[in-house]
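Participant: Provided below are the primary sequence and the corresponding predicted coordinates.
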Amino acid sequence: MSRRDQIKLSEEELRELLGEERIAVVSSLGLRGWPHSMPLWFVPREETIWIWTYAKSQKVRNLERDPRATVLVEAGRSYEELRGVMIESEAVIHRDFETVLGFAEELTVRYAEGISTIEGDAKAALEAQAPKRVAISFPALRTATWDHRKLGGTY
């Protein structure tokens, strides 16, 4: 078994990582060909990373021009603790109001402490923001995972 195979995350470990971590770094290709990397809140939906952002943002313009993106979610404060996933994807931009609003509610519930639904003023605020936003999904074309804790301190 190769070292790479030794540190791969199982499907269950990957679900756990995506459920625990809060920031995904999304890299798209800028107009000049340079990577444009931004940290974003995300929701894993059946292991597909979803984010939302302003429809006129640079990352959306980049993905409209070229849908290729890499998404990184990583945890750990030292080399021997590092675990993560890198996903190569062709991003799908979702613009319809219901999809964007539904995702906004799911994202808000995930990141707001102690709530399970969005109602009243909070729902009205999301409804007001949704027309200016898009939801973006990143279906995996290629995935690499790692968990250096599996090496037991040896490299």
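Facilitator: Cool, the structure landed. Numbers count the residues shown, from 1 in each chain.
Participant: do a quick rundown of the helices in this structure.
Facilitator: 3-7, 11-20, 58-65, 97-111, 120-129 (DSSP state H).
Participant: as a markdown table, those with mean pLDDT, mean neighbour count and distance to E80 would be great.
Facilitator: For the C-beta atoms, the positions are set from N, CA and C on the backbone; glycine is no exception. What follows is the helices of the chain, written out as a markdown table (pLDDT from 0 to 100; neighbours: other CB atoms under 10 Å; distance: least, CB to CB, whole Å):
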| stretch | mean pLDDT | mean neighbour count | distance to E80 |
| --- | --- | --- | --- |
| helix 3-7 | 80 | 11 | 11 |
| helix 11-20 | 95 | 14 | 16 |
| helix 58-65 | 98 | 18 | 32 |
| helix 97-111 | 95 | 16 | 29 |
| helix 120-129 | 91 | 12 | 41 |
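Participant: could you say which one of the ones you listed comes nearest to A91?
Facilitator: Using CB to CB as the measure, helix 58-65 is the one of the helices of the chain that comes nearest A91, at 4.6 Å.
Participant: which elements pack onto that closest one?
Facilitator: In terms of contacts (3 or more CB pairs under 8 Å, 6 or more residues apart in numbering; DSSP states H and E), helix 58-65 is packed against strand 24-29, strand 35-40, strand 48-54, strand 92-94, strand 133-138.
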